[in-house]
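S.K.: sequence-free structure coming up:
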């Protein structure tokens with residue numbers, strides 16, 4: 001089996017926040033991620049289903065944002081030209 005450096009977690013550990021055009025406001029962990037600099041988290045990207053077409057899988061990079069003493073972790077990826085999907089971890 002080939003390791004492509006992607007964790008295949010589907011939706012067992014992630015919840016979709018939605019799909020937006022780049023720069024359009026979206027609530028991700030209580031913030032609009034476009035308002036903050038993103039830092040790539042120290043973990044492999046995850047493969048997650050498209051929110052509207054779950055049979056399609058997409059590689060999402062895991063990012064972190066620091067704001068007001070909080071660390072927001074989310075996964076994001078460009079589904080098509082300037083169209084982004086966002087996911088947050090599911091708290092168990």
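M.R.: Okay, I see it. For clarity, every value in this text was computed on a predicted model and none was experimentally measured.

S.K.: contacts, neighbours, all on C-alpha from now
M.R.: Fine.

S.K.: With adjacent residues omitted, what lies nearest to residue 57?
M.R.: Once flanking residues are discounted, residue 57 sits nearest to residue 49: 4.3 Å by Cα to Cα, 6 or more residues apart in numbering.

S.K.: part of a strand, is residue 71?
M.R.: Yes. Remark: residue 71 belongs to a strand, assigned using DSSP: H, G, I helix; E, B strand; the rest coil.

S.K.: tell me the contacts of it?
M.R.: Taking Cα atoms under 8 Å, 6 or more residues apart in numbering, we find residue 71 in contact with 64, 65.

S.K.: Verify the stated contact: residue 37 with residue 63.
M.R.: No. Taking Cα atoms under 8 Å as the definition, residue 37 is not a contact partner of residue 63, at 9.8 Å.

S.K.: unless I'm mixing things up, the residue nearest to residue 57 is touching residue 56, no?
M.R.: Yes. Using Cα under 8 Å, residue 49 is in contact with residue 56, at 5.5 Å.

S.K.: between these two, who's got more neighbours?
M.R.: residue 49 (20 against 11; other Cα atoms under 10 Å).

S.K.: Low-confidence stretches in this structure?
M.R.: Counting by pLDDT under 70, the chain shows low-confidence ranges at 1-11, 92.

S.K.: Just want the phi and psi numbers for residue 34.
M.R.: In terms of degrees, to the nearest 10, the main-chain angles of residue 34 are phi -70, psi -20.

S.K.: That one: neighbouring residues, count only.
M.R.: Neighbourhood size, residue 34 [other Cα under 10 Å]: 14.

S.K.: With residue 77 instead?
M.R.: 21.

S.K.: Over to residue 81?
M.R.: Residues lying near residue 81 (other Cα under 10 Å) number 8.

S.K.: so how far is residue 21 from it?
M.R.: In this structure, residue 81 and residue 21 are 9 Å apart, going by Cα to Cα, to the nearest Å.

S.K.: what are the ranges of the strands in this protein?
M.R.: 7-8, 14-21, 39-40, 46-49, 57-67, 70-80, 83-89 (DSSP state E).

S.K.: Which stretch among those is buried most, on average?
M.R.: When the strands of the chain are scored by mean count of other Cα atoms under 10 Å, the highest mean neighbour count falls to strand 46-49 (a mean of 22).
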